[in-house]
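Novice: Here's my sequence, what's the structure:
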Amino acid sequence: WYLVNFPTNDKFRTVQVLDHSNCFAGGTGFWLSRNGGVSWIEKQLPSSIYSFSSIRDIHFTTKDFGVICGSGVIYTTDGGESWNESTGIARPRCSGFSFIDSQLGIVCTANEVYLTADGGRTWNLQCRIDSLPPIGITFVRENTFLGFSANGAYYISNDRGQTWDNRNRSVTSEDLTGVY
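Specialist: Sure, this is the predicted structure:
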């Protein structure tokens, strides 16, 4: 390990290393590296499409195609030069998403869960969770997801997010945002 001199004081919430060259970071800004993190370039997100204070998650499948979430979900097909708003998803703050492959993904918002089968371009509402909405979500396998919530509570879905079993058995007193 060695310290990298990053050209900003931005606070990062998420980092993705796609391969030995391409890295992405998000928080109060969106940054990318094409040389394994040695140097970084900030990419502006168009305010006409998207206004947010924090990127909460990033998922790139190639150096050109990626999805980010924050106050909604947007995607790029040209490495962050331009952005498009994903369709089918409401615009409340997204907590995070998880992809099992380059196409199949799930995202949780304040109280809704959405599924995509096209890499994040379009999303379909799977269900609403009003009691203790998840703040993190991850795939276990193709049809099974775990959702994490406040005070260590968690949910499990075995039908691609259509229904959720609240396992309100706290494994910790802290908020869970993800498990790897």
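
Novice: C-alpha only now, for contacts and for neighbours.
Specialist: Fine.

Novice: got the contact list for the strand or helix carrying residue 127?
Specialist: Following DSSP states H and E, one finds residue 127 within strand 124-128. With contacts defined as C-alpha atoms under 8 Å, 6 or more residues apart in numbering, strand 124-128 is touched by 88-89, 111-116, 160-163.

Novice: Give the pairing partners of it; include direction for each.
Specialist: Strand pairing for strand 124-128, determined by DSSP bridges: strand 112-116 (antiparallel).

Novice: Could you check the strand holding residue 127 and say which residues are buried?
Specialist: Buried residues in strand 124-128, counted by 16 or more other C-alpha atoms under 10 Å: 125-128.

Novice: which other helices and strands contact the helix or strand just after it?
Specialist: Per DSSP H and E, strand 124-128 leads on to strand 136-141 as the next helix or strand towards the C-terminus. With contacts taken as 3 or more C-alpha pairs under 8 Å, 6 or more residues apart in numbering; DSSP states H and E, strand 136-141 sits against strand 96-99, strand 105-108, strand 144-148.

Novice: With mean neighbour count as added columns, please give those in JSON lines.
Specialist: Shown next, in JSON lines, are those (neighbours: other C-alpha atoms under 10 Å):
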{"stretch": "strand 96-99", "mean neighbour count": "24"}
{"stretch": "strand 105-108", "mean neighbour count": "27"}
{"stretch": "strand 144-148", "mean neighbour count": "21"}
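
Novice: rank those by mean pLDDT and give me the bottom one.
Specialist: Among the helices and strands packed on strand 136-141, strand 144-148 has the lowest mean pLDDT, at a mean of 78.

Novice: returning to that earlier point: residue 79 is nearest to which of the helices and strands packed on strand 136-141?
Specialist: Taking C-alpha to C-alpha, strand 96-99 is the member of these nearest to residue 79, at 18.5 Å.

Novice: JSON lines for the helices and strands packed on strand 136-141, including distance to residue 46?
Specialist: Formatted as JSON lines, those follow (distance: least, C-alpha to C-alpha, whole Å):
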{"stretch": "strand 96-99", "distance to residue 46": "21"}
{"stretch": "strand 105-108", "distance to residue 46": "22"}
{"stretch": "strand 144-148", "distance to residue 46": "31"}
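
Novice: Which among the ones you listed is found nearest to residue 62?
Specialist: strand 96-99 (13.5 Å).

Novice: Need the CA coordinates for that closest one. CSV is fine.
Specialist: Only the C-alpha atoms of strand 96-99 are listed here, as CSV (Å, rounded to 0.1, in the frame of the first residue of the first chain):
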residue,chain,number,x,y,z
GLY,A,96,-27.5,1.5,-2.8
PHE,A,97,-27.6,-1.2,-5.3
SER,A,98,-26.2,-4.6,-6.1
PHE,A,99,-25.7,-6.4,-9.5
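
Novice: Parallel or antiparallel, which strands does it pair with?
Specialist: strand 105-108 (antiparallel).

Novice: what sits up against the one helix or strand residue 26 maps to?
Specialist: In this assignment (DSSP H and E), residue 26 forms part of strand 23-27. Where contact means C-alpha under 8 Å, 6+ apart, the residues beyond strand 23-27 that reach it are 10-18, 30-34, 36-37, 53-58.
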